[in-house]
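Visitor: Compute the structure for the input listed below.
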Amino acid sequence: MEGRSRTSRIAPSHLLAGAIGGLLSAVLVVVLALAGAVDLGETKEVVRERTIVRDGGHGLDVTDIYKKAGPGVVYVEAQGGTDTSPFGLPSPGEEASGSGIVIDRDGNVLTNWHVVEGARSINVRFSEDGPQVAAQLKGRDPSSDLAVIKVDPDKAGRLVPLPLGSSAKAKVGDPVVAIGNPFGLSRTVTTGIVSAVQRQIQAPNGFTIPNAIQTDAAINPGNSGGPLLDAEGRVIGVNSQIVTGGSRGSVGIGFAVPIDLAKRLLPQLKRGGVVKRAYLGIEMTTLTPQLAQDLNLPIESGALITSVVPRSPAAQAGLRGGRTRLDNGLRVGGDVIVEIDGRKVRSAEDVTAIIGARNPGDTVRIVYYRGRQRRSANVRLGTRPARVATPSAEELPSPLP
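Guide: Here you go, the predicted model:
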């Protein structure tokens, strides 16, 4: 997601988690960021939708991919749930539905956390006319919107695990296939291309999921948790969100959680419990050359800290956020991170990636600029809280007169 210049404004888009069939409504969400930090980025709306159930002219043998991957895509039904998610999760007593990906023959199924969050019971169907099989929630990571549920393999019948590919190898223009259960229509196939890579999307708990894949393959409510497949039928992403433009369905832009992130988390998710993630505790935006010039900084790129969460690792290390707010709402005057553990930082996304690869308790050396002065600090990372913490009122800057 592109960084903001000082003349840009935060542009909210209607983001809809593609999961809760029939129960979702479009919600206004500003995409934020980080593994313990929040990147004030910008989202864009698109204007077209395409639903293709056969070869869409991209050279794909969609029929073969469907035959190969279809049996590994399941229909997930969650009874009950919470109504606290910004993605329109159902009220208690209602039923949510989504999709899931069979990942092994032991009965583990990967899906989105927002599909099963707060559910009193979870059931899985492995075919349209097959019986329901009870599933148990194993592990969850709200910060990546991923969860693993488990069924008894003896009751599930023949399990067909899907091969996991590499989201890092996905390139703009690559053909892709999405399989899921939109609006309860089981194993619906749509095709498209990779529209963009390295996007950032907001998780249900307010943190940012980095390196998301953007696609124009039609994704609708009920697709959440289903696979985004490459031309070889390998999973490169977990379909999670769409831009709705105020409608209830796809308008041609969807997002998938990168499978590389899921693969890194799967061992913890299968063990059970909540995944522990590293936490820095800042809000930030990418420093552009124009903004650096306007602020009279001796650098042209980096991650500008706009605010620091009180008592967070960043606050304890002495990092500072902006104290002046421009007329476009951007907070300036904060420290600018340019390096972490010897790795150059040219954008807020770089901080997201570096901190996201660390563990709670790790110590990182952060090099930053305060005005024109270069400084450094050793920061011991904490454990990410359940939800994004916001700066206290006294930490928020006042607008310019």
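
Visitor: For the rest of this, base every contact and every neighbour count on C-alpha atoms.
Guide: Noted.

Visitor: what number of residues lie near G342?
Guide: Per other C-alpha atoms under 10 Å, the neighbour tally for G342 reads 11.

Visitor: Skip the chain neighbours and tell me the closest residue to it.
Guide: Closest residue in space to G342, ignoring its immediate chain neighbours: R365 at 7.9 Å, by C-alpha to C-alpha, 6 or more residues apart in numbering.

Visitor: Report the strands that pair with the host helix or strand of that neighbour, each with its relative direction.
Guide: R365 belongs to strand 363-370 when assigned by DSSP states H and E. Sheet partners assigned to strand 363-370 using DSSP bridges are listed as strand 336-340 (antiparallel), strand 373-380 (antiparallel).

Visitor: max-length strand in the protein?
Guide: strand 188-202 (DSSP state E).

Visitor: and that one, average pLDDT?
Guide: When pLDDT is averaged over strand 188-202, the result is 92.

Visitor: for stretch 309-319, same thing?
Guide: The pLDDT scores in stretch 309-319 average 96.

Visitor: Which residues in that stretch does the neighbour count mark as buried?
Guide: The neighbour-count criterion (16 or more other C-alpha atoms under 10 Å) identifies 309-310, 312-315, 317, 319 as the buried residues of stretch 309-319.

Visitor: now do stretch 372-385
Guide: 376-385.

Visitor: burial of the closest residue to I253 other than its chain neighbours, as a residue count?
Guide: In this structure, I253 finds its nearest non-sequential neighbour in D216, 4.9 Å apart by C-alpha to C-alpha, 6+ apart. For D216, the number of neighbouring residues by other C-alpha under 10 Å comes to 25.

Visitor: So D216 sits against I193, correct?
Guide: Yes: taking contact to mean C-alpha atoms under 8 Å, the distance of 6.1 Å between D216 and I193 places them in contact.

Visitor: Just to be sure, which of the buried residues of stretch 309-319 are found in helices?
Guide: For these, membership in helices holds for 313-315, with DSSP state H as the criterion.

Visitor: Dump the residues you listed to CSV, plus distance to P258.
Guide: Converted to CSV, those look like this (distance: C-alpha to C-alpha, whole Å):
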residue, distance to P258
P313, 27
A314, 27
A315, 30
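
Visitor: lowest average confidence, helix or strand, in this structure?
Guide: strand 27-29 (a mean of 27; mean pLDDT, DSSP states H and E).

Visitor: which residues pair with the residue nearest the centre of the chain across the strands?
Guide: Residue closest to the mean C-alpha point of the chain, counted by C-alpha atoms, centre = their mean, is I209 at 3.2 Å. Here I209 sits in beta bridges with I201, going by DSSP bridges.

Visitor: thinking it is in contact with A203, fair?
Guide: Yes: applying C-alpha under 8 Å, one finds I209 in contact with A203, separated by 6.2 Å.

Visitor: Give me the common contacts of these two.
Guide: Taking C-alpha atoms under 8 Å, 6 or more residues apart in numbering as the criterion, I209 and A203 both touch 143-144.

Visitor: K155: what's it in contact with?
Guide: If a contact means C-alpha under 8 Å, 6+ apart, then K155 has V133 as its contacts.

Visitor: correction: R125
Guide: 74-76, 131-133.

Visitor: Residues in a beta bridge with it, which ones?
Guide: On the basis of DSSP bridges, R125 takes part in beta bridges with Y75, Q132.

Visitor: Any buried residues in the biggest helix by length in the chain, and which?
Guide: Selection of the longest helix in the chain by residue count, based on DSSP H, yields helix 259-271. Applying a neighbour-count criterion of 16+ other C-alpha under 10 Å, one finds 259-262, 265-266, 268-270 buried in helix 259-271.

Visitor: Among the residues you listed, which one lies nearest to R187?
Guide: When the buried residues of helix 259-271 are compared for distance to R187 (C-alpha to C-alpha), I259 comes out closest, at 19.9 Å.

Visitor: Grab the nearest non-local neighbour of the closest one.
Guide: Looking at I259 with C-alpha to C-alpha, 6+ apart, the closest residue is G237, at 4.6 Å.

Visitor: now A168
Guide: The shortest distance from A168 to any non-neighbouring residue, by C-alpha to C-alpha, 6+ apart, is to D260 (7.1 Å).

Visitor: Test my guess that that neighbour contacts K169.
Guide: No: no contact is recorded between D260 and K169 when judged using C-alpha under 8 Å, the distance being 9.9 Å.

Visitor: circling back to that earlier point, name the element the residue nearest to I259 belongs to?
Guide: Using DSSP H and E, G237 falls in strand 235-243.

Visitor: Pick out whichever of the buried residues of stretch 372-385 sits closest to E232.
Guide: For those, the closest approach to E232 (C-alpha to C-alpha) belongs to R384, at 36.1 Å.

Visitor: Was I right to think the closest one contacts R277?
Guide: Yes: R384 is within contact range of R277, at 5.4 Å (criterion: C-alpha under 8 Å).

Visitor: just to revisit the earlier point, and the residue nearest to I259, what does it touch?
Guide: Residues in contact with G237, defined by C-alpha under 8 Å, 6+ apart, are 167, 212-213, 227-229, 256-259.

Visitor: run the last query once more with 6 Å
Guide: 227-228, 256-259 (C-alpha atoms under 6 Å, 6 or more residues apart in numbering).

Visitor: Kindly report the same for W113.
Guide: In this structure, W113 makes contact with 145-147, judged by C-alpha under 6 Å, 6+ apart.

Visitor: quick one, what contacts L330?
Guide: Counting by C-alpha under 6 Å, 6+ apart, L330 touches no other residue.

Visitor: typo on my end, it should be A134
Guide: For A134, the contacting residues are N123, taking C-alpha under 6 Å, 6+ apart as the criterion.
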